[in-house]
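# Just the structure for this:
(one chain, ligands or ions: 1)
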Amino acid sequence: MSSTSYTPTLPLSEGSMTGEQFEDALLAIEKDVCSHGDTVHYAERPKFFENCEGSYLYDYNETPYLDLQMWYSAVNLGYANQRVNNALKQQIDKLPQLACQYLHKEKVELASMIVDSAKSAFGEKGRVHFNVGGSQAVEDALKLVRKHTRKQHMLAYEGGYHGRTLGASAITSSYRYREPFGEFGDRAEFVPFPYCFRCPYDKKPDSCGMHCVKQFERKFEHEYTGTWNPKTGKAEFGAFFVESIQGTGGYVIPPKEYFPEIARICKERGILLVDDEIQMGFFRTGKLWAMENFGVKPDIMVFGKALTNGLNPLSGLWAKEELISPDKFGPGSTHSTFSSNSLGTATGLEVMKIFKEGNYEETVPEKGAYFLNILKSLQKKHKEIGDVDGLGLALRMEMCEADGYTPSRALADRMFQRGLEGNLNVNGKKMGLVLDIGGYYKNVVTLAPSLEITVEEMDLAHDLLDQLITECKQN
Ligand SMILES: Cc1ncc(COP(=O)(O)O)c(C=O)c1O
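Alright, predicted model coming up:
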């Protein structure tokens, strides 16, 4: 079929159709002309949205959907945030594009703010290197580690997610993402994460004596574990890539004492610690950088998503001076055409200013505590909620069978789908709910509401979730 055969249906006229008809017509074309290789077609019926504001997305029927996952935590300051939008508009009128081999003011200012933030969080002078997406920043971090250690083997976590480019896939736990693409010689070794609700060692947190830390340390006890050479005092791994709170893995929050121990072991064994803040950074957990909650100093940190409030692609890494000083990571070590694009740096700079001027270290934990109480009250009512937990506004709710433990992916899937149908009823008004499902068994509702969410919106979230769970557990 030639591409011209689509012309009779384009342009579609929204005005002459209902919202559903317009979506159906668009979807019919999309199915045929867009690759299905992204994540759109995970959904039974992919969803269109037309507008957004604050905590809400709106479809073609103008139905509001309360978004409790904010683009996987890319839109921390709410949709269509005026200050961030204006920064972008002003930059469009001033310096909308510039080849990345030239400098512009916003790049330097943004890098300075991130360097300052890392200095006050981790007590180390460092430097920033920008790129476009999270996976690309992870690739840059891999290059930096390889350059410094000359090692290609990395440690990473079971349940960890670092992206889907080839290098990032190699350190992401899901074999599903790698299997169709041949061999990954640089595949990471995956270590169990301290997921206490479902302890991989079948222990209980109050009596485990940090068994997982002991198991990790065992890797370097003698040469016969296969990863440590006592004669040279070198481990086989260049770095340990960690998310201090697992994102895609289901917003799993480790015990406070865990990461300091891991950092100690890595330091003793000459393994760099790379902190992936792509999903949990930018105050999601009540601290600018999630790792600050655990008092640990990474060697390298990667960030993306909420840096521009999801407005224009920009990501980056911060690394300690000794790893990234110009003599160690010289000109041309890595480069991408759009790596420090001026629209991204201008919006990123505005986001960092908003964070600096705001009071997020107080408001996020306060709101997080309120939201966690909502989840606890839902858990009391619905025995299918096996576990709830949260740090700041990174919250989790595990959907289970009626025993409160056996994971129920089916229930979580139904909630996800039903929420997107936009047929929930609030005082006679139709509404939808945007959720994200993650976790090892795909049964965890991972909640990342806007950091600007109001008490009224959180109360609404309670009512919508209650309605959704009540409906979905019946069929
Ligand atoms: C922790 C983490 N690292 C890396 C990535 C990859 O980022 P991107 O999708 O921008 O490539 C993600 C994306 O979800 C993530 O959550």
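# What residue, apart from its backbone neighbours, is nearest residue 370 spatially?
In space, and not counting its chain neighbours, residue 370 is closest to residue 458: 5.8 Å by CB to CB, 6 or more residues apart in numbering. For every residue, glycine as well, the C-beta is placed using N, CA and C.
# would you say that neighbour is within a strand?
No: Residue 458 is assigned helix when assessed by DSSP: H, G, I helix; E, B strand; the rest coil, not a strand.
# could you pull out the helices for this structure?
Shown for the chain, the helices assigned by DSSP state H span residues 19-33, 70-73, 82-94, 105-122, 134-149, 166-170, 211-218, 258-268, 321-324, 342-357, 360-381, 409-421, 455-474.
# Of these, which shows the lowest average pLDDT?
Per-segment mean pLDDT for the helices of the chain reaches its minimum on helix 19-33, at a mean of 89.
# name the helices or strands packed onto that helix?
Identification of packing neighbours for helix 19-33 by 3 or more CB pairs under 8 Å, 6 or more residues apart in numbering; DSSP states H and E yields no helix or strand.
# From residue 135, how far out is the residue in the stretch 301-450 of the chain that the ligand sits nearest to?
Closest residue of the stretch 301-450 of the chain to the ligand, CB to the nearest ligand atom: residue 304 (4.9 Å). In this view, residue 304 and residue 135 are 8 Å apart by CB to CB, to the nearest Å.
# Looking at these two now, which is surrounded by more residues?
With neighbours defined as other CB atoms under 10 Å, residue 304 and residue 135 compare such that residue 304 has more, 27 against 22.
# for the residue of the stretch 301-450 of the chain closest to the ligand, what are its contacts?
Taking CB atoms under 8 Å, 6 or more residues apart in numbering, we find residue 304 in contact with 133-134, 137, 278, 314-316.
# and the residues you listed, which of them are in strands?
315-316 (DSSP state E).
# ok, and the most crowded of the contacts of residue 304?
Of the contacts of residue 304, with other CB under 10 Å as the count, residue 137 tops at 31 neighbours.
# and the stretch 101-250 of the chain, which residues reach the ligand?
133-135, 138, 161-163, 243, 247-248 (CB under 6 Å from any ligand atom).
# which among those residues end up buried?
Among those, those classed as buried by 16 or more other CB atoms under 10 Å are 133-135, 138, 161-163, 243, 247-248.
# Could you identify the most distant pair in those residues?
133 and 243 (16.4 Å; CB to CB).
# contacting residues around stretch 180-196?
152-160, 166-167, 169-171, 173, 178, 200-201, 205, 212, 215-216, 227, 237, 240-241, 246, 249-250, 252, 254-255, 258, 440.
# Quick one: buried ones out of those?
Buried subset of the contacts of stretch 180-196 (neighbour count, 16+ other CB under 10 Å): 152-157, 159-160, 167, 169-171, 173, 178, 200, 212, 216, 227, 237, 240-241, 246, 249-250, 252, 254, 258, 440.
# from what I can see residue 426 touches residue 466, true?
No: with contact defined as CB atoms under 8 Å, residue 426 does not reach residue 466; the gap is 11.2 Å.
# Pull the contacting residues for whichever residue of the stretch 101-250 of the chain sits closest to the ligand.
Among all residues of the stretch 101-250 of the chain, residue 134 sits closest to the ligand, at 2.2 Å; criterion: CB to the nearest ligand atom. Going by CB under 8 Å, 6+ apart, residue 134 touches 162-163, 168, 278, 302, 304-305, 315.
# Find the pair from the residues you listed with maximum spatial separation.
168 and 305 (14.1 Å).
# More neighbours: which of these two?
Neighbour comparison, residue 168 and residue 305: the larger count goes to residue 305, with 28 against 24 (by other CB under 10 Å).
# for the more buried one, what are its contacts?
Residue 305 makes contact with 71-74, 134, 278-279, 281-282, 315 under the criterion CB under 8 Å, 6+ apart.
# What's the separation between it and residue 68?
The gap separating residue 305 from residue 68 is 16 Å, by CB to CB.
# I'd like the distance from stretch 307-317 to the chain centre, please.
12 Å (CA atoms, centre = their mean, to the nearest Å).
# can you give me the end-to-end distance of that stretch?
For stretch 307-317, the first-to-last residue distance is 12 Å (CA to CA, to the nearest Å).
# next one: stretch 258-276
Where stretch 258-276 begins and where it ends lie 16 Å apart, using CA to CA.
# Run the contact check for that stretch versus the ligand.
Yes: contact of stretch 258-276 with the ligand (CB under 6 Å from any ligand atom) involves residue 276.
# And that stretch, what's buried?
258-259, 261-263, 265-266, 269, 271-276.
# contacts for that stretch?
Here stretch 258-276 has contacts from 138, 141, 145, 148-149, 155, 160, 162, 194, 210, 212-213, 216-217, 220, 228, 233-235, 237-244, 289-291, 294-302, 323, using CB under 8 Å, 6+ apart.
# Next: stretch 428-435.
So stretch 428-435 is contacted by 57, 59, 61, 63-69, 415-416, 419-425, 445, 447, 461, 464-465, 468 (CB under 8 Å, 6+ apart).
# Just the buried ones from those?
Using 16+ other CB under 10 Å, the buried members of the contacts of stretch 428-435 are 57, 59, 63-69, 415-416, 419-420, 422, 424, 445, 447, 461, 464-465, 468.
# show me the contacts for residue 175.
By CB under 8 Å, 6+ apart, residue 175 has no neighbours at all.
# ok so, going back, looking at the contacts of residue 305, which is nearest the ligand?
residue 134 (2.2 Å).
# Relative to residue 296, how far out is the closest residue to the closest one other than its chain neighbours?
The spatial neighbour of residue 134 that comes closest, neighbours along the chain excluded (CB to CB, 6+ apart), is residue 304 at 3.6 Å. Distance, residue 304 to residue 296, using CB to CB: 20 Å.
# do residue 435 as well
Counting by CB to CB - residue 435 and residue 296 are separated by 31 Å.
# Settle it for me: which of these two has more neighbours?
Just comparing residue 435 and residue 296: by other CB under 10 Å the higher neighbour count belongs to residue 435, 24 against 20.
# Next one: that one from residue 65, what distance?
Using CB to CB, residue 435 is found at 10 Å from residue 65.
# So for these two, which residues contact both of them?
residue 419.
# OK, contacts around residue 174?
residue 161.
# ok, 10 Å please
Taking CB atoms under 10 Å, 6 or more residues apart in numbering as the criterion, residue 174 is in contact with 158-161, 164, 190, 248-249, 440.
# same thing with residue 285?
By CB under 10 Å, 6+ apart, the neighbours of residue 285 are 73, 244-245, 251, 253, 277, 291-294, 364-365, 368, 390-394.
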